[in-house]
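# Can you look at this prediction? I've put the sequence above it.
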Amino acid sequence: MKFTPEFKREALRRLQQGDKSVTALALELGIRRNQLYKWQEQQQHQGASAFARKAGRPKQVPEDEISRLRKELEEVTLERDILKKAAAYFAKDLK
């Protein structure tokens, strides 16, 4: 599971406050305890650049995915309808 940089920073801020134990905080956030320690170590080594969003491949635009899925659904629906008609045609011959 991927967490946003904002989530990681907030988790570490709450960890540094010391109001709760690491275990209690991890349970509250729904993460493993050692994950908090890893993020803490990252922040210590990388400083302000820790958890920066990496430039790279842009995420696929959801509209592209939706249009692709609609097209695929249309094809599958057409195939299903053809198979239904063929089954009905051959079922007539069996009677």
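Perfect, I can see it now. Residues are numbered from 1 along each chain as shown.

# tell me the domain ranges of this protein?
Using automatic domain parsing, the domains assigned to the chain come out as 5-49, 62-95.

# so which of those domains is the most packed in?
domain 5-49 (a mean of 13; mean count of other CB atoms under 10 Å). Heads up, the C-betas are built off the backbone N, CA and C, glycines and all.

# need the helices for this structure, in chain order.
Per DSSP state H, the chain carries helices over the ranges 5-17, 22-29, 33-46, 62-94.

# Run through this structure and note the low-pLDDT ranges.
53-61, 95 (pLDDT under 70).

# ok so, going back, so which of the helices of the chain is nearest residue 52?
helix 5-17 (6.7 Å; CB to CB).

# So what angle separates the directions of the closest one and helix 22-29?
Put simply, helix 5-17 runs at 150 degrees to helix 22-29, going by axes from the mean of the first three to the mean of the last three CA atoms, to 10 degrees.

# thinking again about what came up before, the helices of the chain into CSV, with extra columns for distance to residue 52?
Formatted as CSV, the helices of the chain follow (distance: least, CB to CB, whole Å):
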stretch, distance to residue 52
helix 5-17, 7
helix 22-29, 21
helix 33-46, 8
helix 62-94, 24
